[in-house]
Structures are given as C-alpha cells and as structure tokens.
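In: 3D, please:
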Amino acid sequence: MIIGENRVRTRSIVVSAATAALTTGIVGLLAARGVPGAALRTEPLRVSGSGASFEDADTAGFSMLAVSWNEPGHALDGEIRVRTKSVATGAWSPWTVLGTERGEGVRGVSEPLWAGPSDGVEVKVAGHGGALPAGLRLDLVDPGADPAGAGPGAGDDTVPAAFGAAPAVPAARSAAARPDIVSRSAWGAREQPGDDPVYGKEVKAVFVHHTAQTNAYDCTDSAALLRGLQELHVRTNGWKDLGYNFVVDKCGTVFEGRRGGADRPVTGAHTLGFNTDTMGIAVIGEYSSQEPSGAAMNAVARLAGWKLGRYGYDPQGSVTLTSGLDNGTFRTGQGARFERISGHRDAFSTECPGTLLYRRLPDIRSRAADPLGGSLTGPLTDPLGGSLDGLVGSLAGQRG
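Out: Just a heads-up that it's a prediction; the model follows:
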C-alpha cells in the first residue's frame, strides 16, 4: 500500500481523523526530502471571510506553483486565480484559473501551473459560500538548473541494486519498436535511497493524462518542468516520486517518469484505484481548450504500443480491471471494462486528459497498433498545420 497515492483525493472520499494525524506526520517527514537542484517554498494565504489572497511583486525566483491546503478530503469549493510576473520582461501574465479536482495526496492541492522564470505572484481565492479549507498556502517551486554534463540519452533500464528484486524484462511479443526515452538522470530526477519502487506483474492498460498547465512552454524547458512536477508530487502531494510512469512534451520527446526501470511494470500514482498493472502517460499541457500536437500524440502512440506489445496485448483491444479502492467512481473490488488505451476520466471523476486529447484516443489506438511502432500513412497534424511525424524523429535523435 502506498500512502497518499492510492487512498485519498479531494472529492467524495472521507478521510478519518486517524488518517489525518498520520498524514500530518508524513508531511513533516517529507519536508526534508526534495529534488536535488529543485527547491519548494511555501507562503500562507491571507483568509478574509469567504476569500483568501497573497501578493508579492518582488519575491525570490520560481517557475512553477500550486495552491494547497491541509485536508485532502476537503474539496475547495471556489475559484483559484493566479498571475505571475516575468523575470525577463517584468510584465504580469493574464489571470489563470487553477482546477482543484486533482488533490490526491496528504494535502489537498490545485492543478500546478508552469509560469516560467518569475519573481512576482498574486493569488486570489473566491469561495462559493462554504468555508474554505484550513491551511491554505501557495507552493512555489524553483526547478533549478539542468544537470551539468548529463546530456539527454536513452532511458536507463538498469534497476539499481538498492531497489531490490524487480520483474524480468519480458521478451518482446510484438514488432512495436522501443521509442527513444530521456532518462531520469538526464532530466535531473531526485533519487531517494530507500524509496524502493513497487512493481506489478505486467502492463494491461495505459491511462493517458494531461498535466493541466499552460501550453506556452518551450520544449527546452521540459526537463525543468519535470523537476518541478516531481518536487510538488513529493513535497506537496506526499508521494514517494513523480506519479506518472512517462511524460511526453508537445515536441514528442518521451521522458522516463517514476523510478524502477523503463522496461518494467512499475506501479505509479496516476489513476486512483487502477495503478497496479497499468501505465500512466502524461502529456505536458492543457487539452480542454487546446488541441494536442501531432508530435505528442505520435509519441504517446509509440510508447503505448511498445509497452502493451511487450505483454502481447492489442492496443485496440479492451480489458477488465478491478478497482483497488473506492475512488468515488468505482467501488473497491468492482470490475470495470476499459480500452487498453484509455483516458484518466474513464476511471475517475476528472476532466483529464482534456476533451480535445480524449477525443483523439481512437487515433492514438490505431497508431499504437501499427506493427512499425505507430507510423501510419495518414499523419496526425499539428493544430497550426503540417505533419509533425518527421519532427518527432529528429527530436528523438537530438535528445534521446
């Protein structure tokens, strides 16, 4: 059992007083843990009536933020708006509304926002009539610099001895090629001795997510963005590592996520109730109002086709999975039928992975089922026009 990864979320789950006390202790323990090179600091929000706020026009630098609160079982019934001040230009960004449905952890937490290098921030929380949760704070992350001398390369499939025994890598049972994968060391992941990965037996299904942040990031910032996400997942959510097994950016670069070996059936923290024997792929960006790039969709298809193919599963097939707990949508022990490549919303009450990415899952399944690893004749295209199939290959060559 992974505390904070399979037990709680911000809506529809009652957290006992004993659990709350336990998680308070865990938060204290986790305060000493962080991603090397990344630093998280917190600022309390000022609560007034049914609202809360924070403003600092000259704060220490940060690039990612989230708003969190003490009680993971208490949904924030209201709207969170944030804006940030750019280090480069000194200009304030437009206001951005942060979703609050993704609080699975030892604290309730909003969706994260990648702001890029910033030195000013303003937060406004407007309640919808009910009491705001206690302990409202702003979590600011400086992701630090990219690792010195660690150029991007293929994912390291070696499982460190400290992790103990891991399932053997299965022989390939399909012609799907292994995609180029940027290793954890290349993007600067935190490695915490003693936090051994948990393994399933196989990968039966893939759940596709979005990170629900801005799409206006530069792909050269993707590694920093991953370090920021990992810092929030560890320090704010209270998880042992980044929740996703793999992360894909809009340029189609694939990053190894949770530790344990890219070829192994690593149990992540991505789809509450269905983390075992599945894989979570997160596409960086927000896809409720913006279309995903062809490069990202092709990368997801190749990755899913390769991983499912290792176990002989058809990406266009379906599977029955059993819920490991009551997640508000499925009861503990309840069987549920899923496509082999499904969206987060199929298993949980969420908008994730965004309607515009979700509706492209049939295309992704088709492409994943291609024996050449997803290269179909009808190319998926970038919303701005033009095929991005060739771009994915060139970027993988440069970065993987």
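
In: can you pull out the strands in the stretch 101-250 of the chain?
Out: Along the stretch 101-250 of the chain, counting by DSSP state E, counting those that start in this stretch, strands occupy 108-109, 113-127, 137-142, 205-210, 246-248.

In: most packed of these?
Out: Neighbour counts (mean count of other Cβ atoms under 10 Å) averaged over each of those peak at strand 246-248, with a mean of 29. Glycine gets a C-beta too; all of them are placed from N, C-alpha and C.

In: next, give phi and psi for the spatially most distant residue from the centre of the chain.
Out: Residue farthest from the centre of the chain, counting by Cα atoms, centre = their mean, is residue 49 at 33.3 Å. Dihedral angles of residue 49 (phi, psi; degrees, to the nearest 10) stand at phi 60, psi -120.

In: try residue 345
Out: Torsion angles, degrees, to the nearest 10, at residue 345: phi -70, psi -20.

In: over to residue 306?
Out: Note on residue 306: backbone dihedrals following degrees, to the nearest 10 are phi -70, psi -50.

In: measure it to residue 209 for me?
Out: Separation of residue 306 from residue 209 (Cβ to Cβ, to the nearest Å) stands at 18 Å.

In: check residue 84 too.
Out: 24 Å.

In: likewise residue 278?
Out: Counting by Cβ to Cβ - residue 278 and residue 209 are separated by 12 Å.

In: common neighbours of those two, please.
Out: residue 270 (Cβ atoms under 8 Å, 6 or more residues apart in numbering).

In: ok, now how distant is residue 177 from residue 368?
Out: Distance of residue 177 to residue 368, given as Cβ to Cβ: 12 Å.

In: so which of the two has more stuff around it?
Out: residue 368 (29 against 16; other Cβ atoms under 10 Å).

In: tell me which residues touch residue 266, please.
Out: With the criterion set at Cβ under 8 Å, 6+ apart, residue 266 makes contact with 197, 198, 199, 200, 245, 258, 259, 260.

In: ok, of those residues, which come out buried?
Out: 197, 198, 199, 200, 245, 258, 259, 260 (16 or more other Cβ atoms under 10 Å).

In: which single one of those residues is nearest to residue 226?
Out: residue 258 (11.3 Å; Cβ to Cβ).

In: residue 55 in helix, strand or coil?
Out: Counting by DSSP: H, G, I helix; E, B strand; the rest coil, the backbone at residue 55 sits in strand.

In: that one against residue 122, yeah?
Out: Yes - judged on Cβ atoms under 8 Å, residue 55 makes contact with residue 122 at a distance of 4.5 Å.

In: picking that back up, measure the residue farthest from the centre of the chain to residue 353 for me?
Out: Residue 49 is 36 Å from residue 353, by Cβ to Cβ.

In: does residue 192 touch residue 239 like I think?
Out: No - in this structure, residue 192 is not within contact of residue 239 by Cβ under 8 Å, at 11.2 Å.

In: compare neighbour counts for these two and give me the winner.
Out: Using other Cβ under 10 Å as the criterion, residue 192 and residue 239 rank with residue 239 on top: 24 against 16.
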